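J.: please work out how this folds:
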Amino acid sequence: MRTLAVVGGGVIGLGVAWRAAEAGWSVSLFDPAVGTGASWVAGGMLAPLSEGWPGEDLVLAFGAASLARWPDFAARLEKASGVSVFVADSTLTVALDAADAADLRTVADWVGGRGHELQVVDRAGVRAVEPMLARTVRAGLHAPEPAIDNRRLLAALRQAAETAGVRFHAESVDALAALPHDRIVLAAGAAVARLWPGLPVRPVKGEILRLRARPGVAPAPSRVVRARVHGRAVYLVPRADGIVVGATQYEAGFDTAVTVAGVRDLIADAEAIFPGIGEYELAEANAGSRPGTPDNLPLLGPLTDRVLAATGHGRNGMLTLPLTVDAVLAQLAGTPLPEAEPADPQRFSTAHPSSPLSSAGGIR
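T.: The predicted model follows:
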């Protein structure tokens, strides 16, 4: 039986391991703390359309192709694990001033011109679908973009992987040369550059809050609500017990400390669009390191005949999970997916330094 090592236990590594095991590979997953990195901190938005902007054609196309795969991916995962992961079925991006309202129309026109229908609604239209939002909201952009519960997703993927026969190793990989497997998938997020020096992946810090509903509070929005407040992006994603509020974005290396300023800004910006949020319980404040790339597309494809990259998903790891898994499985089968071609890691000259497979080190 062909052997596969997956290095990294976030949603990408777990998804690849699960599906590869189902496809007949003997899979070993290496991670000292599965599901505790950026995947644990995420909000769960699947929003390639409302985040689209003129000129970002490849990012839009990649995200939309993965969004289209989500219904089948989620159904397959629910069958394998018994867990349903969706928490919302649409996204409402709102504007607080005339400039933001004009931006919503720009997004709607540009994304609509690429075959994706978005609906611009006025103040009354916003209140009709989300009456608890602030009366200062002037307009909205309604998109057919769902959201998932990232922690349910992690649990479901781990259960599906275990059922499929994946072996979990609570160990760090210091050098790929120590792995005897036929193929290796690098899915260690922002840490992959340590294992493959030269890969253009950097850690991008993001802080996020989890708020728990209390008796008598204003009901949470039923869909994802996104906005820009004082130039800062903020989003609210519903959960069964409250709301996830995110997310700051800093170039701060691997620093995952939650800052007072980050919490202050998130709460203030969220309250500007949903005034009732102040009565919710602050249940968690977390930070993670997203794996960013220079062009906001992941690194997805072969580094050598033996090693595949599956990293660099930035803030879109949840969104791009289904396409990533399909693309990795297609590469392992020798039939690359055309939709994944823009994410080829060889597009960067620094993405193919001398192979580190012969370097010293091991597994610990």
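
J.: so residue 214, which state does it fall into?
T.: Following DSSP: H, G, I helix; E, B strand; the rest coil, residue 214 is assigned to coil.

J.: make sure residue 339 is indeed in a helix.
T.: Yes - read with three-state DSSP, residue 339 is one of the residues of a helix.

J.: correct me, but residue 302 touches residue 334?
T.: No - applying C-beta atoms under 8 Å as the test, residue 302 and residue 334 come out as separate, 10.6 Å apart. (Each C-beta comes from the backbone N, C-alpha and C, glycine too.)

J.: those two: who's more crowded?
T.: residue 302 (16 against 6; other C-beta atoms under 10 Å).

J.: that one: what's it in contact with?
T.: For residue 302, the contacting residues are 308-309, 331, 345, by C-beta atoms under 8 Å, 6 or more residues apart in numbering.

J.: try 10 Å
T.: Residues counted as contacts of residue 302 (C-beta atoms under 10 Å, 6 or more residues apart in numbering) are 183, 308-309, 331, 336, 344-346, 352.

J.: sort the residues you listed by pLDDT and name the bottom one.
T.: Of all those, residue 352 has the smallest pLDDT value, namely 47.

J.: could you pull out the helices in the stretch 1-150 of the chain for me?
T.: Per DSSP state H, counting those that start in this stretch, the stretch 1-150 of the chain carries helices over the ranges 11-22, 38-41, 57-81, 98-112, 123-129, 150-164.

J.: which of the ones you listed is buried the deepest?
T.: helix 11-22 (a mean of 28; mean count of other C-beta atoms under 10 Å).

J.: quick one: low-confidence parts of the stretch 201-350 of the chain?
T.: Scanning the stretch 201-350 of the chain for pLDDT under 70 picks out 349-350.

J.: now flag whichever of the contacts of residue 302 is closest to residue 215.
T.: The closest of the contacts of residue 302 to residue 215 turns out to be residue 309 (C-beta to C-beta; 48.3 Å).

J.: the closest one touches residue 303, doesn't it?
T.: Yes - if you go by C-beta atoms under 10 Å, residue 309 and residue 303 touch, sitting 5.5 Å apart.

J.: okay, and the nearest residue to residue 292 once chain neighbours are set aside sits in which element?
T.: Sequence neighbours aside, residue 204 is the residue nearest to residue 292 in space, at 4.2 Å (criterion: C-beta to C-beta, 6 or more residues apart in numbering). Under the criterion of DSSP states H and E, residue 204 resides in strand 202-212.

J.: check which residues of that strand are buried.
T.: Going by neighbour count (16 or more other C-beta atoms under 10 Å), the buried part of strand 202-212 is 202-211.

J.: return the member of the residues you listed nearest to residue 21.
T.: Here the nearest of the buried residues of strand 202-212 to residue 21, counting by C-beta to C-beta, is residue 203; it sits at 29.2 Å.

J.: where does residue 176 fall, phi/psi-wise?
T.: phi -70, psi -20 (degrees, to the nearest 10).

J.: does it touch residue 197 like I think?
T.: No - judged on C-beta under 10 Å, residue 176 makes no contact with residue 197 at a distance of 11.5 Å.

J.: common neighbours of residue 309 and residue 303, please.
T.: Taking C-beta under 10 Å, 6+ apart as the contact rule, residue 309 and residue 303 both touch 184, 186, 192, 196, 199, 345-346, 351.

J.: need these in TSV (columns: neighbour count, distance to residue 42 and secondary structure).
T.: Formatted as TSV, the shared contacts of residue 309 and residue 303 follow (neighbours: other C-beta atoms under 10 Å; distance: C-beta to C-beta, whole Å; DSSP: H, G, I helix; E, B strand; the rest coil):
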residue	neighbour count	distance to residue 42	secondary structure
184	23	25	strand
186	28	20	strand
192	22	18	helix
196	25	24	coil
199	24	22	coil
345	26	23	helix
346	12	28	helix
351	20	25	helix
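
J.: mind putting the residues you listed into CSV with distance to residue 167?
T.: Formatted as CSV, the shared contacts of residue 309 and residue 303 follow (distance: C-beta to C-beta, whole Å):
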residue, distance to residue 167
184, 15
186, 18
192, 21
196, 23
199, 26
345, 27
346, 31
351, 29
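
J.: farthest pair in these?
T.: Longest span within the shared contacts of residue 309 and residue 303, C-beta to C-beta: 184 and 346, 16.9 Å.

J.: picking up where we left off before, next structured bit after the strand holding residue 204?
T.: strand 224-229.

J.: from the chain's centre, how far out does the helix or strand following that following strand sit?
T.: Using DSSP H and E, the next helix or strand after strand 224-229 towards the C-terminus is strand 232-239. Averaging C-alpha positions (C-alpha atoms, centre = their mean, to the nearest Å) puts strand 232-239 14 Å from its chain's average.

J.: and the helix or strand that comes right after strand 232-239, how far out from the chain's middle?
T.: Counting by DSSP H and E, the next helix or strand C-terminal to strand 232-239 is strand 242-246. Put simply, strand 242-246 sits 15 Å off its chain's centre (C-alpha atoms, centre = their mean).

J.: what sits against the residue sitting nearest the centre point of the chain?
T.: Nearest to the mean C-alpha position of the chain, by C-alpha atoms, centre = their mean, lies residue 317 at 2.5 Å. Counting by C-beta under 10 Å, 6+ apart, residue 317 makes contact with 10-12, 15, 37-39, 42, 150, 189, 290-291, 298, 311, 324.

J.: now, which of the contacts of residue 302 lie within helices?
T.: Among the contacts of residue 302, the members falling in helices (DSSP state H) are residue 331.
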